[in-house]
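**Q** pasting the structure only:
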């Protein structure tokens, strides 16, 4: 253990002992509550789901779970969701169990059973105040096989896997630009360069091809800018450009490494990682430039891979101290909460579910996490190793 | 607010039910009524290419990026300077094409591979002579250039490792510059943890993977 951290813990312990007993126990209760996630994320809404079977039933319940709606026995339910999939369309009526009020009734046709179930789940989540729905969201990630890595897109639940690149080289750090385009890093030309890739047409064009490192593209939520890491200035630094890679502006000039930028939901700030203090820490900086502010992550250290929640409240990130742990902290910084063993979190549109990566026998496995319950589900096993998830908005 | 609406709704259940009978598809909360509902067509939310990978256009022959987009690349001009400024030795992106067509010789400096400590990019004293050997060759062969690969072990997060690998390669490039090699003749390529020398998951492998690799570049042979 880092001697400074040890000293701080000793100091904290000494301070704690000095406090009156009653106060200490209250503090401890608060900590326990925080560790359980109870104070950070809304409790699941218990719903009794009936009338569905097979794939529609599985998809519906899984979607609802990752939107904070638990399928429970009727006796424990607060709401009742009743409906059916009749082979061509799905319907569902949501009722408040106590006062028998109907909240909503929805029916969907077209697509297939799976897509209809996703759509119904989204509608139910929105009706219960747990929107925006994630049922039809997608995750782009990379899969590795030996020295080759390519990008894949999957429905968030791991179905409908689709290979996107076939370059036979290293491909990395994908991010969404709307729902029909990606930015990512490819070594196709012998150097890590950033490309734009329109999915519907297959059109690709280079965005950053400077000498040295071009990586970690992140598109602003307003779709106007890209943040990225370039080393054209002699070190890995944070830059911002327009969507074509032009009008480039350098935001950091430290002699140390910067990495992994992500945007605030209002597109005005960028959270990124810098080792300028000697250890990896999170910082926030205006996308216009200026002074960077540290984002304190009290209780954890060596922080990388930030992901700003779409509701703006939290930054999820990876802390590495021996093992890797997915953590969250309020966007302004503060006490960090450890969510689970793993790394590289990416928030779902609902700011509740998180896609992340856990290590198993030296390889990485893509997983989903419900931030409240800490329940997880592995998705999309492809090749040897899957990592770097980016969840569509 | 919600409570007020509920009370109001309770006062007018009969009226509402009657009124609703003629309304096709209101979906607000209603007391005890069966909603007529509406059947909508589903979409996958607009992601194109479902079932069609959408092609994969070749990116082999993309035009070079001109200039350096108006940025001052850390204060380095066309003339090499042996002093490393605080922000690092910048590069001129316009010069990338000078490297691209050259012949590659990964074997020449195979034994000069530079090893690093965990999560560090400073040059260990044991590695200095290796870099000096490479510097001597480059100074004696003006037409030769160099690619320095930066690599990491797997004990870091992926994009951080890509930055660390770059910093390791830049650290070697700066050392070469201090030895009198023009930094314009040295390019850096970070592979992060993506190209381990040894794919095992143990300390023996990790120490071999934290490395800087030299690829000698020579002008293409003309027939």
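**A** Structure's in. What do you need? No experiment lies behind these values; they were computed from the predicted model shown. Numbers count the residues shown, from 1 in each chain, chains lettered A, B, ... in the order given.
**Q** from here on, contacts and neighbour counts on C-alpha atoms
**A** OK.
**Q** Let me know the pLDDT of residue A:350.
**A** In this prediction, residue A:350 carries a pLDDT score of 97.
**Q** Now it: phi and psi?
**A** phi -90, psi 10 (degrees, to the nearest 10).
**Q** where does the residue nearest to it when sequence neighbours are not counted land in three-state SS?
**A** Nearest in space to residue A:350, with sequence neighbours left out and distances taken as C-alpha to C-alpha, 6 or more residues apart in numbering or on different chains, is residue A:132 at 5.5 Å. Of the three states, residue A:132 takes coil according to DSSP: H, G, I helix; E, B strand; the rest coil.
**Q** mind listing what the one helix or strand residue A:324 maps to pairs with, with the direction of each?
**A** If you go by DSSP states H and E, residue A:324 is part of strand A:323-330. Counting by DSSP bridges, the strands paired with strand A:323-330 are strand A:314-321 (antiparallel), strand A:337-341 (antiparallel).
**Q** Need the winner for burial among those strands.
**A** Most buried of the strands paired with strand A:323-330, by mean neighbour count (mean count of other C-alpha atoms under 10 Å in any protein chain shown): strand A:314-321, with a mean of 25.
**Q** and residue B:126, which of the three is it?
**A** helix.
**Q** Distance of it relative to residue A:298?
**A** According to C-alpha to C-alpha, to the nearest Å, residue B:126 stands 38 Å off from residue A:298.
**Q** pLDDT-wise, which helix or strand of chain B ranks last?
**A** Least confident helix or strand of chain B, by mean pLDDT, DSSP states H and E, is helix B:13-20 with a mean of 38.
**Q** meant to ask about chain A
**A** None of the helices or strands of chain A scores lower by mean pLDDT, DSSP H and E than helix A:21-35, at a mean of 40.
**Q** What are the contacting residues of the next helix or strand along the chain from it?
**A** Per DSSP H and E, the first helix or strand lying C-terminal to helix A:21-35 is strand A:45-50. Contacts with strand A:45-50, where a contact means C-alpha atoms under 8 Å, 6 or more residues apart in numbering or on different chains, come from A:61, A:68-74, A:76-83.
**Q** Quick one, which of those residues are buried?
**A** Neighbour-count burial (16 or more other C-alpha atoms under 10 Å in any protein chain shown) is assigned, among the contacts of strand A:45-50, to A:61, A:68-72, A:77, A:79-83.
**Q** any chance of the residues you listed in TSV, with pLDDT too?
**A** Below are the buried ones among the contacts of strand A:45-50 laid out as TSV (pLDDT from 0 to 100):
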residue	pLDDT
A:61	98
A:68	96
A:69	97
A:70	97
A:71	97
A:72	98
A:77	98
A:79	98
A:80	98
A:81	98
A:82	98
A:83	98
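**Q** just those now: which is nearest residue A:318?
**A** Residue A:318 lies nearest to residue A:68 out of those, by C-alpha to C-alpha, at 23.2 Å.
**Q** What ranges does chain B have for its helices?
**A** For chain B, the helices defined by DSSP state H occupy B:2-11, B:13-20, B:96-100, B:128-140, B:158-178, B:203-209.
**Q** Same check on chain A?
**A** Under the criterion DSSP H, chain A carries helices at the ranges A:3-18, A:21-35, A:54-66, A:113-127.
**Q** Compare the mean pLDDT across the ones you listed and name the weakest.
**A** Looking at these, the bottom one is helix A:21-35 with a mean of 40.
**Q** where does the stretch 201-350 of chain A come near chain B, residue by residue?
**A** Within reach of chain B by C-alpha under 8 Å from any C-alpha of the partner chain, the stretch 201-350 of chain A has these residues: A:201-206, A:209-213, A:216, A:231-236, A:246-249, A:253-260, A:304-305, A:320, A:343-344.
**Q** among those, which are in strands?
**A** A:204-206, A:216, A:249, A:258-260, A:304-305, A:320, A:343-344 (DSSP state E).
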